[in-house]
Structures are given as structure tokens and as C-alpha cells.
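*Asks:* Sequence plus predicted model, see below.
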Amino acid sequence: GAGVSQSPSNKVTEKGKDVELRCDPISGHTALYWYRQRLGQGLEFLIYFQGNSAPDKSGLPSDRFSAERTGESVSTLTIQRTQQEDSAVYLCASRSLTDTQYFGPGTRLTVL
Amino acid sequence: AQSVTQLGSHVSVSEGALVLLRCNYSSSVPPYLFWYVQYPNQGLQLLLKYTSAATLVKGINGFEAEFKKSETSFHLTKPSAHMSDAAEYFCAVSDQGSGNTGKLIFGQGTTLQVKP
């Protein structure tokens, strides 16, 4: 596709359930990022993938959060045993050769 | 460590007036600086970026920003506001170059209101 896509666009879950969020980057972009945007706050970096290198997980807030990416394709962000404070918009971005990050529309996660 | 401070969480201007959104950064390495805009219920769209070339950067929709190293600032301006400019604006800094991730560190955002 022309841009970064994310699914689902909205996810409502119950506290304690696991959720999986998906990101399809722009074709050819080797770098992929996940960010979190909580209500009324700026964006927080979560995790970074670059090709087949080990990911930078320094932004993950707890061990309940994990992410995978196979090669230079789709990435999934998994949150286990969701808590209410996990409610946020989760944004994915892929980076071009000109160092510009292009963002997807985000997944709005609501934990009840 | 890098950080970004956006002065003013809300800015209100009249249509046709000058828009000035302030951003100050902290970085131990030469920074790359970005302004993104977020319209309601949408993702972030790049307005402009500074990557160590010209200090005055022109972006989309008539916006521009000037990198001032001595002031560690990267303020966003537009000579004449349009109603369609109402949105949330984010300033961000990243570390580029070999060995760095290029992750973006964002400011808290500034909501721009444009009054008729």
C-alpha cells in the first residue's frame, strides 16, 4: 500500500486479557517504530526494529509488552494481561532512506 | 539524553494572524528536528524537518521553522492562519547517524485553535 497501515483501528478489551496489534510498514522501509500516545500526553517511544538486527526494546514499559517483526515486513505488538493504564493510541511508523518517519493511523486501545 | 519542550499546550489565534508555536530542544549530538501535525482522529503527518542543511526550513501548508543552535530552538511559524490549521502540533528530536536508532523524542504537543 501507499502508507503505513495498522489494525485494528479500535480495540476494546477487558482488564487481564491479551491483545495483539498489527502494523504493515511502507514497502522497502527497513526501520520500524512503535510509539504510544496516552490521553493528553505526547508520544512515547516503545520499540525499534532495523532489518534483522536485534530490536531496541528500551521504551517498553513492562515485561507485559513485546513485539515481533519478521524481516522487513509486518510487525505485531502484544500486550499481555492488559491493565487500564495501557489504554492509549498505539502508533506505528516506518522510516524512509531520507530519515523521515511515516506514521500509520494508529490503534485506539481501551481497557475496561 | 535528548528532550523537547513545547511552550504552551494551547495556542489560540485569529484567522489570518501569525502562528508561532515554540519548541526548545536538548541534545548532546547534532539533532535532527521535526514538526508533525495531528488532525483529530488521524495519525501524524510530517510538516517539515531539519537535518543539518539550511537552518530555515520550509514545509507543507505554508509552515516554516528556523533552527537556532544558540537558542536551542526550532519554532514553527506561519504568516497567516487558516481555519484548517486547527490541530495538534508536535515537535520532535532524533539522534541520527551510525549506531543510533533515530527514534523520535516528542514534546507534549500544542493544540492550535483558530478563531474566525
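*Replies:* Looks like it arrived, so ask away.
*Asks:* Please give me every residue in contact with B:L112.
*Replies:* By Cβ atoms under 8 Å, 6 or more residues apart in numbering or on different chains, the contact list for B:L112 reads B:V11, B:S12, B:V13, B:V19, B:L21, B:A81, B:D85, B:A86, B:A87, B:E88, B:Y89. Where you see a C-beta, it was placed from the backbone N, CA and C, and this is true even at glycine.
*Asks:* Go again with 6 Å.
*Replies:* Residues in contact with B:L112 (Cβ atoms under 6 Å, 6 or more residues apart in numbering or on different chains) are B:V11, B:A86.
*Asks:* swap in A:L21?
*Replies:* Contact analysis of A:L21 by Cβ under 6 Å, 6+ apart lists A:L77, A:Y90, A:T107.
*Asks:* Look at the residue nearest the centre of chain A and give its secondary structure.
*Replies:* Geometric centre of chain A, nearest residue: A:W34, 3.6 Å, by Cα atoms, centre = their mean. Recorded secondary structure, A:W34: strand (DSSP: H, G, I helix; E, B strand; the rest coil).
*Asks:* Okay, the residue nearest to B:V29 when sequence neighbours are not counted and B:E71: tell me how far apart.
*Replies:* With sequence-adjacent residues excluded and distances taken as Cβ to Cβ, 6 or more residues apart in numbering or on different chains, B:V29 is closest to B:D95, at 5.5 Å. Here B:D95 is placed at a distance of 20 Å from B:E71 (Cβ to Cβ, to the nearest Å).
*Asks:* Who has more neighbours out of those two?
*Replies:* Each of B:D95 and B:E71 has its neighbours counted (other Cβ atoms under 10 Å in any protein chain shown); B:D95 has more, 19 against 10.
*Asks:* quick one on the thing from earlier: can you pull the pLDDT of the residue nearest to the centre of chain A?
*Replies:* pLDDT recorded at A:W34 is 97.
*Asks:* That one contacts A:Y48, doesn't it?
*Replies:* No: the criterion here is Cβ atoms under 6 Å, and A:W34 misses it with A:Y48 at 8.0 Å.
*Asks:* Show me the shaky parts of the chain.
*Replies:* Unless you meant another one, I'm taking chain A. Scanning chain A for pLDDT under 70 picks out the ranges A:1.
*Asks:* that answer is for a different chain, and I need it for chain B
*Replies:* Using pLDDT under 70, chain B drops low at B:96-99.
*Asks:* What residues does it have near chain A?
*Replies:* By Cβ under 6 Å from any Cβ of the partner chain, the residues of chain B that approach chain A are B:G43, B:L44, B:L46, B:Q96, B:T101, B:K103, B:F106, B:G107, B:Q108, B:G109.
*Asks:* Of those residues - the most surrounded one?
*Replies:* Of all the residues of chain B next to chain A, the highest neighbour tally under other Cβ under 10 Å goes to B:L44, namely 27 neighbours.
*Asks:* Who does it form a beta bridge with?
*Replies:* Here B:L44 sits in beta bridges with B:Q38, going by DSSP bridges.
*Asks:* if I look at the residue most central in space within chain B, how far off is A:S66?
*Replies:* The C-alpha lying nearest the average C-alpha coordinate of chain B belongs to B:W35 (Cα atoms, centre = their mean; 3.1 Å). The spacing between B:W35 and A:S66, counted by Cβ to Cβ, is 32 Å.
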